[in-house]
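Student: model this:
(2 chains)
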Amino acid sequence: MRYGFVIDQDRCIGCHACTVACKDEHKVPVGVFRTWVKYIEKGSFPDTSRHFGVMRCNHCEQAPCVEICPTSALFKRDNGIIDFDNSRCIGCKSCMQACPYDALYIDPQTSTAAKCNFCAHRVEANLEPACVVVCPTQAIMTGDLDDPQSHVSRVIATQKVAARKPHKGTQPKLFYVGIEGDLLQPSMMRPEHSSMWADHNPLSDSRPVTGDGADDVAPGSARIVYDVPHPAPWGAIPAAYLWTKSIAAGVLLVAALLLGSTRGGDATLANIVSPILALLFLGITVVLLIADLKQPWRFYYLITKPNFRSWLVWGTYILMIYGALATIWLARGWFSGSVPAALIVATAVFAAASACYSAFLFAQAKARDLWQSPVFIWHLLVQALIGGAALMIVAAVALSAGPVIILATARILAVALAVGLVMILIELTLPAMSEEFRRAADLISRGELSLRFWVGAVVIGTLVPLILLGAAMRTDGRGLAAGAALLALVGLWIFENLWIEAGQAVPLS
Amino acid sequence: MPEAKEEPRPLNPAAMELEAPAGGLSAFPAVERWDDWVEFDPAAWPRKVEKHYTLVPTVCFNCEAGCGLLGYVDKGDFTIRKFEGNPAHPGSRGRNCAKGPATINQVADPERILYPMRRAGRRGEGKWERVTWDEALDDLAGRIRRALIEGRRNEIIYHVGRPGHELIYNQRILHAWGIDGHNSHTNVCSAGARTGYAFWHGADRPSPDHANARFILLLSSHLEAGHYFNPHAQRIIEAKQRGARVCVIDTRLSNTATKADWWLSTWPGSEAAVLLAMCHVILRERLYDREFVRRWVNWEEFLREEHPARAQTFDTFLEVLGEVYAEYTPEFAEQESGASAAVIVEVAREIGRAGSALATHVWRNAAAGNLGGWQVARALELLVVLMGAVDAPGGTAPNSANKFVPAPPIMPPPAKMWNELMWPREFPLAFFEMSFLLPHFLKEGRGKISAYFTRVYNPVWTNPDGMSWIEALSDESKIERHACLTPIWSETAQFADYVLPMGHGPERHDLLSQETHAARWIGFRQPVARVALERAGQRFNFTYEAHRAAGLGEVWEEDEFWIELSWKIDPDGTLGIRKFFESPFRPGEKLTVEDFYRWIFENSVPGLPAAAAKEGLQPLAYMRKYGAFLIEEGSYRAHEKTLPAQDLKDAAVDPPSKVISRGGAAIGIEIDGHARAGFPTPSRKLEFYSRTLKDWKWPEYSVPSYIRSQVHWSNINRERGEMLLLPTFRLPTLVHTRSGNAKWLYEISNRNPLWLSPEDARRFGVDTGGLLKVATEIGYFIDKVWVTESIRPGVIACSHHLGRWRLKEESGGERWASGLVELTHKEEGTWMMRQVHGVQPFASADPDSGRIWWQDAGVHQNLIFPVQPDPISGQHCWHQKVTIGTVGPEDRYGDIFVDTRKSHEVYRRWLEMTRAAPGPGGLRRPLWLARVYRPAPEAFYIK
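Tutor: Predicted structure coming up:
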């Protein structure tokens, strides 16, 4: 038994009855929608046409929201419905990054994620979903896709149907009849700031991702004339969390490298100061992580209701282990003055894991093509080294550590910055994996975000520090090294923000 | 088998959907479980928390279609949880548009008016005090009683927007009082189309059988709005899926137009030319139904009267027809309309192929926008007649074929009054009351009003020239008492003496029948909470008591209000009024709503008692359970009905016309020697030729023709910045000014920008979001622009519904929808309105009011429209010639300026076009022509 939808856009008259019936059934608050009708227009007078697309959860067979949800608040029923239990939801919004269809929102009343659940409570009573019942033209159909005799199966078998983004591998169970192609390609249209009968929703501000000359729209090409807002789920806090986590992970990674390469030097920095800094930044990371939850007091559900398919859960465990190892490191460094090699290796492994697990989490954010970059995992490692090395230099200078360790750390920072820059350039310039990836990358390299990128992340955050580091190494200039380190941290901060923002800029629906 | 055929069919086949298809899901709970339906609480889900509901059918009030709703009433606290469709309703078949489920917003609106209120300050000052229903009734009844006793019967006016009780039930009340006091909104709405249809076949509405059509020609937007949006949209799409072709004639790209096979964006007002060009092609290529035209068109009368010298044969008629429409070539139509001649020919040929399965509709659109708009309906119907599609399967019937009006207990005789404040002599053929001219009539001293009821009627906002309404409503010497019967605040309610909260659709009783398709049905509107409480064993004298018990304040319903008011007007029966409000079951006792509907269902609805008996129910209990009843389905060609032999006894046949009369009343027509029912016209035939129009001084319009509109393109000088403003189009989500309290509708649609073509936008140097000043002869407004390819260059379009305002922060307007404005009366006649702020979030019991994100309340465009009454139909001609200007530094979005002295001048100018009564025989109005709340025949004569 696998329930699915067929929506016949040839029958659909764009009346919004489904939208409102759904609101009535589920008391969906003002401003958010479980199902909505998007309008586009194309052509030039008098050859103009308007097209409607009923948008909602696709009840994917391979649902990325279920996979990423750390507490299994989202789950698949035996009958194929992707349902949710808002009493388990911690409001991490990762599902909103995973869903390629913009189906999820945070309910302002409950502060938990919600979406179309196929009216599972009605299906339980053998009733069709509310949108199906209300539809004046019977454009929305449901039934069992496993039953070849069901109405939906027969429609799918005998008519031309299309699904949204099949290439995402989600195996959607919503099939459209007669949908206008442009409605399947949301990233091809420029965002509009007003619609035919609705005010501009301040939440719907989005970046123009089709801005450059090559993307100039042909006369009469499709434009949005009505849509509902889909604000980016993640803002400055997740970016800050990436930054603090890079530093937290990088500090002990760098300390491990230093302990491995500069035996006999002043060990205080590596043995005691670095675990303290790692724990401090790990603490900030955890606070940020929790602060960004819409249900912060449910943060412990990550431990008590874990979904082991979610990298958010694995990340939590990795960070916990890393925190424990850092604590032991600190204890050994403090009480016995030396850290055993086995502990150094184990900590380094979990430091790297702490830095890199985000690549797996971001990969589970299937909606965001930019974050699917294969270089991302290595880039995270390099970012950790940049953050760790930079903070170590600042600490070393502040504590008046010996020149050897400063020089060694400066070398690590310089190499990391150089490798990082190469990686960024590779990520932004290699042939794109997808059109959506290209648009997000272009937004950074030559779109609205390019000034912040080139000036902030590249020049101030990378090139200037490299020059300063070169000078510092030649002249043993502590001040120069510290300056380079601080600028590198600023550059990293800017880049994390760009990465988060650009990743979410391409419209999904 | 014959036995089975005699069985009354209790429900529409749609009700069969109550049965779950094998292995699938059902659309609705099985009807035997409606009394105690158990459903899981979606808020608690996936925990299975059971909720018990009692399901009460009622009828939606968010447009005229009268679709069925099923209220889910919580059996614990008797609150209404939600509304779904009513599967037993033959018109809507369990389905609804967005406005159906949004009814719950209106019921639960924290802004709604819960108690009767009386003004505490000056009119319009915005100060109110709560009163009891009895206090309000005593005051109004006393005033009405005095007027009746003192012979001031024409000083009582009941002015209604969306009626309800539209069949004849309110006529019962006003005629019982002996007054001609009904005033409606129809002449700002559909009078144009009604007039065109009535001159053809007597009935004033079309009833297209969309579901069975092969070609659908719409001058309407029935896939998104209008009467009857949801029932028609269902059937239009059904036909389309089966291969019917659709052509939509509409200047702007409506949602309906975009679904059509052909969209003809005509210059507004040129539609009759396009339709007559299609007729031209059909005549030229002989695509018409010759036999139907020969039998059913009054061609003999036409030849007799207009071409007596020519041979009186049908072939002569066809010849003359060809001559009459020779000038309407497709090329001429293209020149007038801008629509391609080739497409006009293509569509005409498609119509020819469809034959009699031609479903057509015009209701407002062109018929309501233009001088002579009524001829658009007449031209459209000419196509229907030529194709023999009148009341044919898949064709277009007179609405009388698909509507049923059950007789109430005791109908008073018609009043012997004629009220010239509504039916002035200048407009003897006006299809409805000249309601929108009332302020001008009062200004001219044609009368005064002692008791004025407005009921779901918002003339200040909806009518043209609203500032003149404000002036009239503010003048206590002209309108002495104004009671506003309304569920919600409105611009007009701000100028009332009483604001009396009457229920929304699911909060009162009513009986409806609409021509949604080829069937006859009735729908029973019920106060859902009261019915649920009564199912639980409680009893109430009045619906407001039930509402009090259900947490709905003292919201009442009209049925009971009018009975109480009538008893208070005539407490001892000496005025002869009370007897009409006594129970048919308990003589001498007061009529109850229960009595009223019980009597109707037991006595006036064919088949209903038998259907009820089959289920072991009384007819009223049956209707309380199902909320609708299908009387008849799939019957066609009522005009062909053979007159029964007993009717022909003592009947006489008029020799030249072949009209059969008995006792002075026409009952049929002899066609080829057979006595047929025919149509309710003077000739009993379809009147291609209207002798009436000729007799009433309009000989030039005696046959369908094209009248150039007041906004014909030759009157618009684009060089001088002039454009045509198309201000009438509706949205799928809103309904006039009644949906401001539906938050789920307003979050979808909340502003009305000016639709402007890119070409015109370049001309005025604006882009989307830019401001323009739109000026008529009497004033201007300032609105934002939305640049779109969906409008014809030279035309600017602005949707209806939006631009709501209130004068006080806390009262007078729904805060979900209205902006706060400052209204200043500068000098005599000049008014300036400026927005203080748009829509803002507010604190209320509903947390959603704090989540309002839209700020733009839209712009109230109707204020700057002078009245433009069509001299024949009386329809206000909505389209405006405007001058577009850029804004200055002092101008702000939403500014509106009006000079009512100028609006009165425009009124005088349009009045000069009329040709006044008396007509033949000293009549005020042709006796045969339908008139709402028809008075006694003697009132028709000018003494």
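Student: Need the contact partners of the lowest-mean-pLDDT helix or strand in chain A.
Tutor: Sorted by mean pLDDT, DSSP states H and E, the helices and strands of chain A end with helix A:268, the least confident at a mean of 85. With CB atoms under 8 Å, 6 or more residues apart in numbering or on different chains as the test, helix A:268 has contacts from A:399, A:401. Where C-beta positions appear, they are placed from N, C-alpha and C, glycine not excepted.
Student: chain center to that helix, what's the gap?
Tutor: 38 Å (CA atoms, centre = their mean, to the nearest Å).
Student: could you check the distance from the residue in the stretch 401-509 of chain A that chain B sits nearest to over to A:Lys38?
Tutor: Per CB to the nearest CB, the residue of the stretch 401-509 of chain A with the smallest distance to chain B is A:Ser509, at 16.2 Å. To A:Lys38, A:Ser509 is 7 Å away according to CB to CB, to the nearest Å.
Student: if I look at the two, which residues touch both of them?
Tutor: Shared contacts of A:Ser509 and A:Lys38 (CB under 8 Å, 6+ apart): A:55, A:227.
Student: one step back: just confirm the residue of the stretch 401-509 of chain A closest to chain B is within a strand.
Tutor: No. Counting by DSSP: H, G, I helix; E, B strand; the rest coil, A:Ser509 is located in no strand; its state is coil.
Student: Could you check how many residues crowd around it?
Tutor: 21 (other CB atoms under 10 Å in any protein chain shown).
Student: so who does it touch?
Tutor: Going by CB under 8 Å, 6+ apart, A:Ser509 touches A:38, A:55, A:101-102, A:186, A:227, A:230.
Student: switch to 6 Å and redo it
Tutor: Going by CB atoms under 6 Å, 6 or more residues apart in numbering or on different chains, A:Ser509 touches A:55, A:101-102, A:186.
Student: Ok, B:Tyr597 next?
Tutor: By CB under 6 Å, 6+ apart, B:Tyr597 lies in contact with B:Leu620.
Student: Isn't B:Val882 up against B:Pro727?
Tutor: No. With contact defined as CB atoms under 6 Å, B:Val882 does not count as touching B:Pro727 (9.4 Å).
Student: Would you mind listing what in the stretch 251-400 of chain B touches chain A?
Tutor: Contact residues, the stretch 251-400 of chain B versus chain A (CB under 6 Å from any CB of the partner chain): B:253, B:255, B:258, B:265.
Student: change it to 7 Å
Tutor: Proximity of the stretch 251-400 of chain B to chain A is confined to B:253, B:255, B:258-259, B:265 under the rule CB under 7 Å from any CB of the partner chain.
Student: Closest one of those residues to B:Ala392?
Tutor: Taking CB to CB as the measure, B:Ala392 lies nearest B:Lys259 of those, at 24.1 Å.
Student: got the residues of the stretch 701-850 of chain B near chain A?
Tutor: Residues of the stretch 701-850 of chain B lying near chain A by CB under 7 Å from any CB: B:731-733, B:743-745, B:747-752, B:757, B:768-769, B:786, B:789-790, B:792-793, B:799, B:847-848.
Student: from those, which ones fall inside strands?
Tutor: B:Trp786 (DSSP state E).
Student: Just give the number of residues close to residue 325.
Tutor: Looking at chain A here, since you left the chain open. If you count neighbours by other CB under 10 Å, A:Leu325 ends up with 22.
Student: switch to chain B, that's the one I care about
Tutor: Residue crowding around B:Tyr325 was assessed by other CB under 10 Å; the count is 23.
Student: Contacts only, for the residue in the stretch 251-400 of chain A that chain B sits nearest to.
Tutor: For the stretch 251-400 of chain A, the residue closest to chain B is A:Lys305, as judged by CB to the nearest CB, at 14.0 Å. By CB atoms under 7 Å, 6 or more residues apart in numbering or on different chains, the contact set of A:Lys305 is A:71-72, A:88.
Student: ok, 10 Å please
Tutor: Shown in contact with A:Lys305 (CB atoms under 10 Å, 6 or more residues apart in numbering or on different chains): A:70-73, A:85, A:87-90, A:298, A:313.
Student: quick one: low-confidence parts of the chain?
Tutor: Since you didn't name a chain, this refers to chain A. The model of chain A has pLDDT under 70 over residues A:191, A:193, A:205-217, A:262-266.
Student: wrong one, chain B
Tutor: B:1-23, B:164, B:166-167.
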